[in-house]
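[1] could you work out the structure for the sequence below:
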Amino acid sequence: MKQQTLAMAADQNNGFEQSRKPTRREEFLRTMETIVPWAALCQVIEPHYPKAGNGRPPIGLERMLRIHFLQHWFNLADLACEEALYDSASLRRFVGIDLGRERVPDATTLLKFRKLLNEHKLGEALFAQVGQQLQERGFKVNTGTIVDATIIAAPSSTKNADKARDPDMHQTRKGQQWYFGMKLHIGVDSQSGLAHSAVVTAANVHDKHPLPNLLHGNERRVYGDSAYASQKALIASKAPKAKDFTNQRTRRAGEVDEVQRAKNRNKSRVRARVEHVFAVVKRLWGFTKVRYRGLQKNATRAFTALALANIYLCRGHLLGQVRP
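    Predicted coordinates:
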């Protein structure tokens with residue numbers, strides 16, 4: 001154990017303020033401290049992480065991972081995260097930084113860590129590891145999958161150094177509105193509501209094309225909106241025992257099929273669970289716009305965000321397993 005400095009003691013005692021109550025941020029960080037499988041996630045990254053030797057020793061892996069997760073939870077860029085750690089005692093406590101003896105890792109260090117994750121596609125690996133850890137704790141992948149996709153916007157302006165849009169991003173029309181960016185396609189377990197698969201594509205890729213990659217193969221039912229209508233052959237190519245429970249179109253030749261409309265409404269009661277994942281990733285984590293150029297960089301962010309969303313969505317059950 002390291003001896004505490006006055007700076008760390010002041011952080012832990014909140015500046016000796018006796019009338020202060022914990023904030024929602026502190027409660028959230030305390031929960032994540034408890035339920036995130038830090039050791040298992042560090043094992044995924046450790047083979048690729050720099051080793052101590054000649055030159056400057058690397059910062060601890062778990063510390064860098066904690067900072068990286070803070071960037072996802074609070075939608076912080078590298079420099080903004082560095083400044084937030086200097087500014088917030090609760091963030092420093094979560095990361096384990098004592099300003100009395102060490103500095104906060106700078107924005108360049110955070111950038112290099114993110115590049116390491118992107119280079120080795122460790123976002124996908126973290127997502128898979130979280131899924132494995134949750135299954136070991138009792139969250140099983142069942143026989144129903146809900147598929148859906150959401151658009152993540154990208155800058156459409158050409159006022160940049162290259163005088164061009166990101167070539168990996170494309171435009172698409174939804175209703176009467178045009179969008180430019182990428183799509184995040186996910187497969188969600190119909191019982192637990194947790195994401196078990198994901199695919200990132202340009203926005204102009206139709207929702208049906210990644211469909212086989214979103215199924216695990218043991219489904220008995222597949223749910224989806226009308227974008228997946230009449231895709232029985234695609235579903236059977238990956239999950240031959242699955243029944244097609246996707247919403248079917250209700251309007252034909254100007255006539256509305258009320259029977260089919262009622263069936264769609266019943267299916268949507270189950271299908272709505274996929275929106276919980278999107279709500280966490282886009283509304284809570286702030287991933288409504290891409291932060292980087294290129295699909296791969298944003299895919300790494302998307303997979304990591306989905307992993308954290310799965311942990312967040314089952315936080316009550318995980319806390320119950322930890323408490324005596």
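[2] strand partners of the longest strand belonging to the chain, parallel vs antiparallel please.
    The strand that spans the most residues within the chain, counting by DSSP state E, is strand 177-189. Here strand 177-189 is paired, per DSSP bridges, with strand 144-153 (antiparallel), strand 170-174 (antiparallel), strand 195-202 (antiparallel).
[3] is Asp162 within a helix or a strand, and which one?
    For Asp162, there is no host helix or strand (DSSP states H and E).
[4] how about the helices of the protein, start to end?
    Here the chain has its helices, by DSSP state H, at 6-12, 24-35, 38-45, 61-73, 78-87, 89-95, 107-119, 122-136, 232-238, 258-271, 274-278, 295-313, 315-322.
[5] excluding its backbone neighbours, what's nearest Ile97?
    In space, Ile97 comes closest to Val104 once its chain neighbours are excluded; the distance is 5.9 Å by C-beta to C-beta, 6 or more residues apart in numbering. Heads up, the C-betas are built off the backbone N, CA and C, glycines and all.
[6] Gln260 and Ala242, how far apart?
    Remark: distance between Gln260 and Ala242 (C-beta to C-beta, to the nearest Å) = 20 Å.
[7] those two - which one has more neighbours?
    Neighbour tally, Gln260 and Ala242, criterion other C-beta atoms under 10 Å: the higher count belongs to Ala242, 20 against 15.
[8] quick one: contacts for the more buried one?
    Contacts for Ala242 (C-beta atoms under 8 Å, 6 or more residues apart in numbering) come out as Thr145, Leu215, Glu219, Arg220, Arg221, Val222, Ile235, Ala236.
[9] cool, and Ala202?
    Per C-beta under 8 Å, 6+ apart, neighbours of Ala202: Asp168, Met169, His170, Met182, Lys183, Leu295.
[10] beta partners for the third one?
    So the one you mean is His170. Per DSSP bridges, the residues bridged to His170 are Gly181.
[11] neighbours of it, just the number please.
    18.
[12] these two touch, right, it and Tyr179?
    No - His170 is beyond contact range of Tyr179, at 9.6 Å (criterion: C-beta atoms under 8 Å).
[13] and for those two, which residues touch both?
    By C-beta under 8 Å, 6+ apart, the residues touching both His170 and Tyr179 are Ala203.
[14] so, low pLDDT: which residues of this structure?
    1-19, 54, 323-324 (pLDDT under 70).
[15] what residues are up against Ala233?
    Neighbouring residues of Ala233 by C-beta under 8 Å, 6+ apart: there are none.
[16] quick check: it vs Leu134, distance?
    To Leu134, Ala233 is 32 Å away according to C-beta to C-beta.
[17] the residue nearest to Ile97: neighbouring residues, count only.
    A count of nearby residues for Val104, using other C-beta under 10 Å, gives 20.
[18] repeat for Val259
    Counted by other C-beta under 10 Å, the residues lying close to Val259 total 8.
[19] what sits against Leu284?
    Counted by C-beta under 8 Å, 6+ apart, Leu284 has contacts Ala309, Tyr312.
[20] how does it look with 10 Å?
    The contact partners of Leu284, taken as C-beta atoms under 10 Å, 6 or more residues apart in numbering, are Trp73, Asn75, Ala305, Leu308, Ala309, Tyr312.
[21] and of the residues you listed, the nearest to Thr31?
    Distance ranking of the contacts of Leu284 against Thr31, using C-beta to C-beta, places Tyr312 first at 8.8 Å.
[22] quick check, the closest one in contact with Gly193.
    No - with contact defined as C-beta atoms under 10 Å, Tyr312 does not count as touching Gly193 (11.5 Å).
[23] give me the common contacts of those two.
    Val277.
[24] thinking again about what came up before, out of the helices of the chain, flag the one nearest Ala164.
    If you check each of these against Ala164 by C-beta to C-beta, helix 295-313 wins as the nearest, at 15.8 Å.
[25] pull out the buried residues from the closest one.
    With burial defined by 16 or more other C-beta atoms under 10 Å, the residues of helix 295-313 counted as buried are 295, 297-313.
[26] and if you look at stretch 203-219?
    Buried, per 16+ other C-beta under 10 Å, within stretch 203-219: Ala203, Val205, Asp207, Lys208, Pro210, Leu211, Pro212, Leu214, Leu215, Glu219.
[27] again, but for stretch 49-65
    For stretch 49-65, burial by neighbour count (16+ other C-beta under 10 Å) applies to Tyr49, Ile59, Leu61, Glu62, Met64, Leu65.
[28] export the residues you listed to TSV and tack on distance to Glu124?
    Formatted as TSV, the buried residues of stretch 49-65 follow (distance: C-beta to C-beta, whole Å):
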residue	distance to Glu124
Tyr49	17
Ile59	24
Leu61	18
Glu62	20
Met64	19
Leu65	16
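[29] ok, these vs Thr150, which is closest?
    Out of those, the member with the shortest distance to Thr150 (by C-beta to C-beta) is Leu65, at 26.1 Å.
[30] of the contacts of Ala202, closest to Gln321?
    Lys183 (34.7 Å).
[31] what's the neighbour count on the closest one?
    Using other C-beta under 10 Å, Lys183 is surrounded by 21 other residues.
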